[in-house]
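1. Build the 3D model from these lines:
(one chain, ligands or ions: 1)
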Amino acid sequence: MAGFRLEGCELGVATAATQVEGGDLDTNWHRWAAAGRIADGSTPARAADHWNRVAEDTALLTELGVRHYRMGLEWARIEPEPGRYDQAAIAHYGDELTRLRDAGIRPLVTLHHFSEPGWFVDAGGWLDRGALPAFLRYVRTVVAAFGDLVGDWITVNEPSVYAVHAYLWGVWPPGERSYRRTIAALEALCAAHLAAYPLIHALQPDAVVGVAHHLRVFAPQNPRNPAHRAAAVLTRRLFQDAELELTSTGRSLFPVQAPRGVRPGRYTDVQAINYYSRSTVTGIGNGVASGVDVNDLGWEVYPAGLTELAASVHARYPGPIWITENGTADAADAFRSRYLYEHLAAIAASDLPIERYYHWCFTDNFEWAEGEVARFGLVHLDYDTQQRTVRESGRFYADIAANGGVTDAAHDRWVAGRRYPTNGGRS
Ligand code: IFM
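-> Presented below is the predicted three-dimensional model:
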């Protein structure tokens with residue numbers, strides 16, 4: 001059985017503002033790039049120039065036949081100075097959202113996806129007392145402006161990824177290495193969600209609101225080694241379980257504390273999962289087993305993990321699930337179709353309420369500290385000319401969207417014979 005139907009799960013693609021829009025802005029990431037901290041020397045000022053190509057990109061989304069588009073808002077565009085809202089930027093996003101709706105594509109809007117204005121950074125970022133009121137002011141403005149065009153919101157993207165890269169490993173802005181401040185940043189981002197959730201509902205009672213969690217399978221490198229097993233449990237707790245519990249229920253789970261005044265309750269309308277890979281650990285960290293299938297960034301390809309994690313989330317927090325990101329870095333487009341096939345097949349075979357799947361990414365884009373080299377797009381981007389070309393995997397995705405699943409013919413054309421590279425140990 002090569003083909004399958006994808007019942008009850010609608011398809012979309014995902015992006016984030018800083019990764020696709022381009023523009024010479026003052027954000028934490030533009031500053032980080034100016035400081036020479038991007039591996040390939042690129043900057044988000046170029047990206048996919050999406051800000052100037054909304055009409056072309058909406059037409060491309062229509063060509064792919066997707067029903068959903070996850071996009072981010074660039075806070076620094078909307079509020080370039082504290083309390084000053086740029087009406088032209090707001091109108092620009094309003095125009096984009098209108099175009100999407102006119103094209104029959106439902107937007108899912110992310111309010112914070114790793115990037116923030118320079119003035120917010122200067123004030124101390126998420127560790128400053130003023131961070132939460134500033135974020136809520138921005139959220140109120142945005143929801144009031146776009147509430148008639150948007151009903152689905154992600155408040156914060158991958159809080160633990162942001163906290164760990166920025167405050168523990170020091171590889172993202174602000175480049176700190178402090179466990180204490182990592183936990184404080186994680187708590188601040190969770191607090192931002194816990195406060196934004198009721199605010200959005202007060203403005204828009206029918207809104208669907210969630211946090212996009214980056215979930216990985218954490219496996220002990222040697223399952224017989226108790227230290228490795230303990231490391232897997234601890235890493236999972238720090239990296240995902242504490243964040244999930246706090247943002248879903250308002251309850252503390254060591255090592256994160258609920259903010260004062262937050263009552264336990266329901267704080268998400270949907271469990272939003274970003275899934276890419278499995279990590280093999282020996283301590284607190286993020287390793288990769290050897291002899292496994294990997295992508296261009298060396299991340300293990302482990303399709304079963306998607307539904308393993310979704311089932312584990314669903315057992316704790318029943319309700320609808322959206323896969324708000326899933327994809328792979330594959331510059332040659334050699335195995336992306338197989339990756340798509342295997343992850344969607346896992347969804348099709350499960351009885352979990354996975355209502356939506358957003359592939360990451362729509363086009364190639366600026367991949368944070370890695371820059372432009374990591375190519376996640378269904379659509380290839382020539383950064384110099386900004387020419388977009390739908391990859392074969394993009395054509396496969398369009399075929400899946402058109403047929404409500406993978407046909408045998410599509411499997412033969414796009415999947416059969418495609419192989420992942422391995423990281424050694426077996427061919
Ligand atoms: O590009 C990122 C995205 O911003 C957040 N989730 C993971 C993606 C791939 O690394």
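2. Output the contacting helices and strands for the lowest-mean-pLDDT helix or strand in the chain.
-> The weakest-scoring helix or strand in the chain, judged by mean pLDDT, DSSP states H and E, is helix 226-236 (a mean of 94). Helices and strands touching helix 226-236, by 3 or more CB pairs under 8 Å, 6 or more residues apart in numbering; DSSP states H and E, are strand 208-220, strand 271-281. Heads up, the C-betas are built off the backbone N, CA and C, glycines and all.
3. Give me the angle between that helix and strand 208-220.
-> Angle of helix 226-236 versus strand 208-220, following axes from the mean of the first three to the mean of the last three CA atoms, to 10 degrees, is 170 degrees.
4. ok, back up a step: out of the helices and strands packed on helix 226-236, the one nearest the ligand is which?
-> strand 271-281 (5.1 Å; CB to the nearest ligand atom).
5. pLDDT on that closest one, on average?
-> On average, the pLDDT along strand 271-281 is 97.
6. For that strand, enumerate the helices and strands it packs against.
-> So strand 271-281, by 3+ CB pairs under 8 Å, 6+ apart, packs with strand 208-220, helix 226-236, helix 304-316, strand 321-325.
7. could you dump that strand to CSV, C-alpha only?
-> What follows is strand 271-281, C-alpha atoms only, in CSV (Å, rounded to 0.1, in the frame of the first residue of the first chain):
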residue,chain,number,x,y,z
GLN,A,271,-2.0,21.9,20.9
ALA,A,272,0.4,23.3,18.3
ILE,A,273,3.4,21.1,17.6
ASN,A,274,6.5,21.8,15.6
TYR,A,275,8.3,18.5,14.9
TYR,A,276,11.5,17.8,13.1
SER,A,277,13.7,15.2,14.7
ARG,A,278,14.9,12.8,17.5
SER,A,279,17.8,13.7,19.7
THR,A,280,20.0,11.2,21.4
VAL,A,281,21.4,12.3,24.7
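8. Name whatever forms a beta bridge with G72.
-> Under DSSP bridges, the beta-bridge partners of G72 are T110.
9. What about I78, how many residues nearby?
-> 22 (other CB atoms under 10 Å).
10. for whichever residue of the stretch 1-150 of the chain sits closest to the ligand, what are its contacts?
-> At 4.9 Å from the ligand, A16 is the closest residue in the stretch 1-150 of the chain, using CB to the nearest ligand atom. By CB atoms under 8 Å, 6 or more residues apart in numbering, the contact list for A16 reads 71-72, 110, 113-115, 157, 365.
11. Let's see that with 6 Å instead.
-> 72, 113 (CB atoms under 6 Å, 6 or more residues apart in numbering).
12. related to what we said a few turns ago, would you list the helices and strands packed on helix 226-236 in a markdown table and tack on mean neighbour count and distance to the ligand?
-> Shown next, in a markdown table, are the helices and strands packed on helix 226-236 (neighbours: other CB atoms under 10 Å; distance: least, CB to the nearest ligand atom, whole Å):
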| stretch | mean neighbour count | distance to the ligand |
| --- | --- | --- |
| strand 208-220 | 23 | 6 |
| strand 271-281 | 24 | 5 |
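13. Okay then, goodbye and thanks.
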